[in-house]
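>>> Quick one: sequence plus predicted model below, questions after.
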Amino acid sequence: MVAEERWHILELIESGKISVAEGARRLEALAGTAEAAKPLPSHPVMVRHVRQAVLLSGAAILIGGAFLLVSYYTRDVAVSWLVWGWLIFALGVSVILMAWWLHRTHWLFLRVQEHDSPTITLAFPLPLRLLTLLLRTCCRFVPQLWENDVDGLLQALQETGDDLALHIEVYDDDGSTQVELHLGQEVTKWSH
């Protein structure tokens, strides 16, 4: 897309429709937007760190529970070791299952960039079925949600499958503020 625009500007200069100075200004502006459009990795670093931290903590909890269980069955210790061992072991399994869910679930990525200020990027795991149920329930009690086409949003969320992603970009009129919202398992169109 950037290459096509660059060729178009060069053709305009060649045909004499714009001056060389105007063409140079447009090419510089185009180069600035091309540098700003660097894609993010498929899962941002913070998401990968969250998943790894949850997985490692689950494994540590699981090992702690297994140690208590092995200690109970191999040594002469109190029965409370057995109870605590099974509780901690079950908690470790639950945390590992949560890490697996974090790997497979859709994530909501929100990026806000204002002119001359740092970019704010947030990522949240988002269970789509639970969100759809919550929004449909809230719409019954808050009629203003229906007026803002929440039904269209719900339909778009339900149609967003494992291979699809919902990507919304909003720009301020003067171009100073940019908000990007991405819902999916991977960030493919995300610009940084």
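The structure has been received and is ready for your questions.
>>> Only C-alpha atoms from now on, for both contacts and neighbour counts.
Fine.
>>> hey, where'd the strands end up in the protein?
106-114, 120-126, 166-171, 177-184 (DSSP state E).
>>> Any chance you could list what contacts the second one?
Residues from elsewhere that reach strand 120-126, judged by Cα atoms under 8 Å, 6 or more residues apart in numbering: 47, 102, 105, 106, 107, 108, 109, 110, 111, 112, 113.
>>> one more time with 6 Å
Applying Cα atoms under 6 Å, 6 or more residues apart in numbering, the contact partners of strand 120-126 are 106, 107, 108, 109, 110, 111, 112.
>>> Same check on stretch 72-90?
62, 65, 68, 69.
>>> Closest to the centroid, which residue in this protein?
Of all residues in the chain, the one closest to the mean position by Cα atoms, centre = their mean is residue 109, 3.1 Å from it.
>>> Return the distance of that one relative to residue 134.
According to Cα to Cα, to the nearest Å, residue 109 and residue 134 sit 19 Å apart.
>>> Redo the strands of the chain as TSV? Include distance to residue 16.
Converted to TSV, the strands of the chain look like this (distance: least, Cα to Cα, whole Å):
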stretch	distance to residue 16
strand 106-114	36
strand 120-126	43
strand 166-171	32
strand 177-184	34
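>>> So for residue 54, which of those sits nearest?
With Cα to Cα, the closest approach to residue 54 among those belongs to strand 120-126: 13.0 Å.
>>> For that closest one, what is the distance to the chain centroid?
5 Å (Cα atoms, centre = their mean, to the nearest Å).
>>> Buried residues, it. List them.
121, 123, 125, 126 (16 or more other Cα atoms under 10 Å).
>>> Tell me which of these has the lowest pLDDT.
In terms of pLDDT, the lowest of those is residue 126, showing 72.
>>> In terms of distance to residue 17, which of the buried residues of strand 120-126 ranks first?
Among these, residue 121 lies closest to residue 17 (Cα to Cα), at 41.5 Å.
>>> coming back round to it: which of the buried residues of strand 120-126 sits closest to residue 52?
Nearest to residue 52, judged by Cα to Cα, of those is residue 125 at 14.2 Å.
>>> Give me the buried positions along the longest helix anywhere in the chain.
In the chain, taking DSSP state H as the definition, the longest helix is helix 45-74. For helix 45-74, the neighbour count (16+ other Cα under 10 Å) marks 47, 51, 54-56, 58-66, 68-69, 71-72 as buried.
>>> Make JSON lines from the buried residues of strand 120-126 and add distance to residue 80 to it.
Shown next, in JSON lines, are the buried residues of strand 120-126 (distance: Cα to Cα, whole Å):
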{"residue": "121", "distance to residue 80": "46"}
{"residue": "123", "distance to residue 80": "40"}
{"residue": "125", "distance to residue 80": "36"}
{"residue": "126", "distance to residue 80": "38"}
